[in-house]
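A structural model of the following input is requested.
(2 chains)
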Amino acid sequence: MANRTVSDAIAIHGTNPQYLIEKIIRTRIYESLYWKESCFGLTAETLIDRAVSLTSFGGQYGNQKPTEFLCLTLKLLQLQPSKEIIIEFIRNEEYKYLRALGAFYLRLVGTSLEIYQYLEPLLYDYRKLRKRTIDGGFTIIHMDEFIDELLREDRVCDTILPRIIKRYVLEENDELQPRESALEDLLEEEDDDDY
Amino acid sequence: MAARGGVNSKGEVAPQPVKVQRYWPGKIPEGIHDYSSEEEEEEPFEKEPEIITTIEKVDITEKEAASDRRLRRLKEAKEDGSSEVIDRRRRHFEEDQDVRDLQLRHVKVEQDAEVKIEEEEDDLALRRQRLRDRVLEQRKQEEEQLKAMEEAEKAQATQTEEEESEGEETSEYETDSEEEQTSRKLLKPVFIPRHEKLEEEAEAKRLQELEERKKESHLMVAEVIQKELQKTVKEETGVSEVDDTDGLDEQAEYEAWKLRELKRIKRDKEEREAREKEQEEIERRRNMSEEQRLSEDMARVRAQREKKPHGQYKFLQKYYHKGAFYISSDEKIFKRDYTEATPDEAVMQVKNFGRAGQTKWTHLADQDTSKKDAVWSQNTGINKSMLSKLGGLHGGFDKPTSKRRRTNIPRLFTDDKYIFG
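Alright, predicted model coming up:
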């Protein structure tokens, strides 16, 4: 199987979805052992098994090798599963790396509104994630930090994220309600108790 | 071969010429008996048929038998013997009895004082006859036994052949080994002295120890390799270094998240305020006249300059920007003042610093060795003494021939031709 996108894929951001991963990293993924060994012939269903068995996420590590997380992201871009599947990825509570993968994929593919809608609830998930750094080591990063990065930064996991409409613009256009953090309610309650 | 005696024509006793027998390998020489037939002839009891015949010739009449007890017994014995020939089997069973009888008779003969020598001889002959018969009988039996054994072997052989035909390899092997055993040569026994034996034992022990040590070291190496492999696997997955299991300290994790969330809320709030402020500013400036706006801008610029003094650029100094793409935003390099002068180093204070051309020589003036003002071109004492030592720089040129004429070479040879010719 050539590394072609599925024939019935819809162009995302006006281009082949695989092109959302930059050329050089894409080439490195195609040449990586994990891609050849574990990502061959995957479907949206069998990909879940791979995502569940992930132990870390990240962009490139060591000698500029792509992580398994990035390989699976490219596989998702190649297969282009339906949005429901991705939302299920994000909604699952059990497997945090599957959730992270779903969130990352949605950030690449989804519209701004969808992204805010589905990713902001994840800011309450404070589970630990193991992030693989470029020097080959690991650091602990929490899910809420990762989601915050996805919403605000323009380069995460060595991938340029597509531009997203700023939240306040959507708020001004009445497409989105201003974000009310659950913590603010809690604090207010505490303040009320103090008085 | 001994020379045979003979009488010649003169009647004298003279040795006859001997016919020399040539020996041919594999051919029986003439005059040599056939050993196998000879052996049979030499059987102890078969050499006396004459005696037996004489005995057989003697006819014992009924009268004689009645008168003499011994003769009667002889007659009986004779009849017995003839019957023995007919019925060998019976005789075989009676053999022991006969022997005993014989012995008894012998004793009787000895006891009898009136025994005659002739009669004694007769008795002896009879005994011999019987013995001979017995021996013959034994031989025949042996032959029969041999025959039976051969037959049994044959039967066995056919059986084994049948087994072989059935395709059993084991029987084949057995027969092979039997053949080998029969054809195998025995090794010559070699004597090994005691001290050598001891040495051998020590050597064997040493070898065994070596083997054991080898095994041990092999195991150790395997263990080490396995440990390393496990370690690398752990490093690959990062399990050993960084643990990502949740819920180890639920409260602390929650508190940490709370802190992060608060920071985010604060940041968002600040951003919103900044936005609002900017919006207000925009509104305010829109309401101002053009002159007011300009004067305000000038005042702001002046204030900025006063607040942050601009570093003085030196002669030909340029502002360089290193790629910010791969540098994280909180790096020290972003807070640096790029208008500052570079440290007082000649390397960097050149036109177009860092360009490829900077590493090459722009001209060869300082590489020129033919310059008049160079140290080695001046007329100093050191240079003079140096020149005097150097070859080919003394000045002047002597013809080799003129030099030779002046010198007095001792003439060892009168003939110049051989030297200088």
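
now the strands for the chain?
As the question left the chain open, I've gone with chain A. For chain A, the strands defined by DSSP state E cover A:57-58, A:60-61, A:65-66, A:128-132, A:138-142, A:155-156, A:159-160.

Please refer instead to chain B.
For chain B, the strands defined by DSSP E cover B:5-7, B:13-15.

Comparing those, which yields the minimum mean pLDDT?
Note on the strands of chain B: strand B:5-7 shows the lowest mean pLDDT, a mean of 50.

tell me the mean pLDDT over stretch A:75-95?
The average of the pLDDT scores along stretch A:75-95 is 92.

Give me the residues contacting it.
A:3-6, A:9-10, A:17-18, A:20-21, A:35, A:39, A:42-44, A:47-48, A:51-52, A:98-99, A:101-103, A:105-106, A:108-110, A:114, A:118-119, A:122 (C-beta atoms under 8 Å, 6 or more residues apart in numbering or on different chains). From N, CA and C alone the C-beta is placed, and that goes for glycine too.

go on, stretch A:108-117?
With contact meaning C-beta under 8 Å, 6+ apart, stretch A:108-117 is reached by A:12, A:17, A:20, A:73, A:77, A:83, A:86, A:106-107, A:118, A:150-151, A:159, A:161-162, A:164-165, A:167, A:170, A:175-176.

how deep is A:Leu183 tucked in, by neighbour count?
17 (other C-beta atoms under 10 Å in any protein chain shown).

My read is that it contacts B:Leu259, right?
No - assessed by C-beta atoms under 8 Å, A:Leu183 is found out of contact with B:Leu259, at 10.1 Å.

Residues of chain A that sit close to chain B?
Listed as neighbours of chain B in chain A under the rule C-beta under 8 Å from any C-beta of the partner chain: A:55-56, A:96, A:123-124, A:126-130, A:132, A:137-140, A:142, A:144-145, A:148, A:168, A:179, A:181, A:183-184.

got the residues of the stretch 251-400 of chain B near chain A?
Within the stretch 251-400 of chain B, the positions adjacent to chain A are B:253-254, B:256-258, B:260-262, B:264-265, B:268, B:272, B:275 by C-beta under 8 Å from any C-beta.

Neighbour count and pLDDT added to the residues you listed, as TSV?
Output for these, formatted as TSV (neighbours: other C-beta atoms under 10 Å in any protein chain shown; pLDDT from 0 to 100):
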residue	neighbour count	pLDDT
B:Glu253	16	90
B:Tyr254	11	90
B:Ala256	14	91
B:Trp257	20	91
B:Lys258	14	90
B:Arg260	17	92
B:Glu261	20	91
B:Leu262	14	91
B:Arg264	19	92
B:Ile265	16	91
B:Asp268	15	92
B:Arg272	14	93
B:Arg275	12	94
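
which among these gets closest to chain A?
Nearest to chain A among these, counting by C-beta to the nearest C-beta, is B:Trp257 at 3.5 Å.

so who does the residue of chain A found nearest chain B touch?
The nearest approach of chain A to chain B comes at A:Tyr126, 3.5 Å away (C-beta to the nearest C-beta). Residues near A:Tyr126 by C-beta under 8 Å, 6+ apart: A:His142, A:Met143, A:Asp144, B:Glu253, B:Tyr254, B:Ala256, B:Trp257, B:Arg260.

Can you tell me the number of residues neighbouring A:Asp125?
The criterion is other C-beta under 10 Å. On that basis, A:Asp125 has 19 neighbouring residues.

quick one: contacts for it?
Counting by C-beta under 8 Å, 6+ apart, A:Asp125 touches A:Lys96, A:Arg99, A:Met143, A:Asp144, A:Ile147.

Reformat these as JSON lines; add distance to B:Leu219 and neighbour count.
Listed next are these as JSON lines, based on distance: C-beta to C-beta, whole Å; neighbours: other C-beta atoms under 10 Å in any protein chain shown:
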{"residue": "A:Lys96", "distance to B:Leu219": "42", "neighbour count": "21"}
{"residue": "A:Arg99", "distance to B:Leu219": "46", "neighbour count": "23"}
{"residue": "A:Met143", "distance to B:Leu219": "46", "neighbour count": "22"}
{"residue": "A:Asp144", "distance to B:Leu219": "50", "neighbour count": "19"}
{"residue": "A:Ile147", "distance to B:Leu219": "51", "neighbour count": "24"}
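
From those, which land in helices?
A:Lys96, A:Arg99, A:Met143, A:Asp144, A:Ile147 (DSSP state H).

wait, the third one sits on A:Ala100?
Put plainly, it is A:Met143. Yes - using C-beta under 8 Å, A:Met143 is in contact with A:Ala100, at 6.9 Å.

Need the residues touching each of those two.
A:Leu129.

Please tell me how far B:Leu131 sits from B:Glu137.
10 Å (C-beta to C-beta, to the nearest Å).

The chain: helices as residue ranges?
Reading this off chain A. Counting by DSSP H, the helices of chain A are A:23-31, A:33-38, A:46-52, A:68-79, A:83-91, A:96-109, A:112-119, A:143-152, A:167-172, A:182-194.

The intended chain is chain B.
Counting by DSSP H, one finds helices in chain B at the ranges B:35-41, B:49-57, B:62-67, B:69-86, B:88-111, B:117-165, B:169-183, B:194-237, B:250-287, B:290-307, B:381-389, B:400-406, B:416-420.

where does chain A have low pLDDT?
Where chain A drops to pLDDT under 70, the residues are A:1, A:191-195.

burial measure for A:Tyr61, as a count.
Neighbourhood size, A:Tyr61 [other C-beta under 10 Å]: 20.

give the contact list for it.
A:Thr67, A:Arg132, A:Thr133, A:Ile134, A:Asp135, A:Gly136.

For A:Gln18, which residues are in contact?
A:Asn3, A:Thr5, A:Arg26, A:Leu74, A:Leu77, A:Gln78.
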